[in-house]
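Student: need a structure here:
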Amino acid sequence: MAIHKILRRSLSAEKRSTNVPKGHFAVYVGESEKKRFVIPLSYLNDPLFQELLCQTGEEFGFHHPMGGLTIPCSEELFIDLTSHLSKTQ
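Tutor: Next comes the predicted model:
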């Protein structure tokens, strides 16, 4: 599945990064300027988050020059989604 490709690359890059607590990973979000967010790995199990990852992969591919998972959506959309996820977990 495409999600596994994205995550395998992103999580291997995250191992080189610091300041990511165990059970979390970093994503870079934004349409032009990217902002780093550290989110729980459990979000990866949520269908809404999986859909966002699939759309990102289909629309923008899997090459992420920042070394981590890049989601080129608006910060506002990402914050709304993660706020919803934090309430349902």
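Student: what about residue 49, distance to residue 29?
Tutor: Going from residue 49 to residue 29 by CB to CB, to the nearest Å gives 12 Å. C-beta coordinates here come from the backbone N, C-alpha and C atoms, glycine included.
Student: helix or strand: which one has the residue positioned nearest the centre of the chain?
Tutor: The chain has residue 27 as the residue nearest its centroid, 4.2 Å off, counting by CA atoms, centre = their mean. Assigned by DSSP states H and E, residue 27 falls within strand 24-29.
Student: what packs against that strand?
Tutor: Counting contacts by 3 or more CB pairs under 8 Å, 6 or more residues apart in numbering; DSSP states H and E, strand 24-29 packs against helix 2-14, strand 35-40, strand 69-71.
Student: if we use 6 Å, what do you get?
Tutor: strand 35-40, strand 69-71 (3 or more CB pairs under 6 Å, 6 or more residues apart in numbering; DSSP states H and E).
Student: quick one: the helix or strand immediately after the shortest one in the chain to chain centroid distance?
Tutor: For strand 69-71, the following helix or strand on the C-terminal side (DSSP H and E) is helix 75-88. From the chain centre to the centre of helix 75-88 is a distance of 12 Å (CA atoms, centre = their mean, to the nearest Å).
Student: give me the buried positions along stretch 37-57.
Tutor: Neighbour counts over stretch 37-57 (16 or more other CB atoms under 10 Å) mark 37, 39, 43, 46, 49, 52-53, 56 as buried.
Student: now, which of those sits nearest residue 70?
Tutor: The nearest member of the buried residues of stretch 37-57 to residue 70, counting by CB to CB, is residue 56 at 7.8 Å.
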